[in-house]
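Participant: The amino acid sequence is not available; the structure is as follows:
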């Protein structure tokens, strides 16, 4: 799935685990009207990441001011 959306008012927290960051992402995405399959795709990516840093890096791609390459 190629998701080109960005959350307009959320940034990835630097403290805590990727799962804490993911919870914030899900809340923000739901508030901004993202579709369930879009959110689930990103959840799957973050859960499959090999570390917290890798999981947060995935979330950064969907945060304000960042573009996915």
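Facilitator: All right, it came through fine. None of the values given here were measured: they were computed from a predicted structure. Numbers count the residues shown, from 1 in each chain.
Participant: So which bits of stretch 26-40 are buried?
Facilitator: The neighbour-count check on stretch 26-40 (16 or more other Cβ atoms under 10 Å) flags 26, 28-29, 34, 39 as buried. Heads up, the C-betas are built off the backbone N, CA and C, glycines and all.
Participant: Correct me if wrong: residue 20 contacts residue 13.
Facilitator: Yes - using Cβ atoms under 8 Å, residue 20 is in contact with residue 13, at 6.8 Å.
Participant: Could you identify the most distant pair in the buried residues of stretch 26-40?
Facilitator: With Cβ to Cβ as the measure, no two of the buried residues of stretch 26-40 lie farther apart than 28 and 39, at 10.0 Å.
Participant: From residue 26, how far off is the residue most central in space within the chain?
Facilitator: Nearest to the geometric centre of the chain sits residue 59, at 3.3 Å (Cα atoms, centre = their mean). To residue 26, residue 59 is 10 Å away according to Cβ to Cβ, to the nearest Å.
Participant: Spit out the residues that contact the two alike.
Facilitator: Here residue 59 and residue 26 share no contacting residue, scored by Cβ atoms under 8 Å, 6 or more residues apart in numbering.
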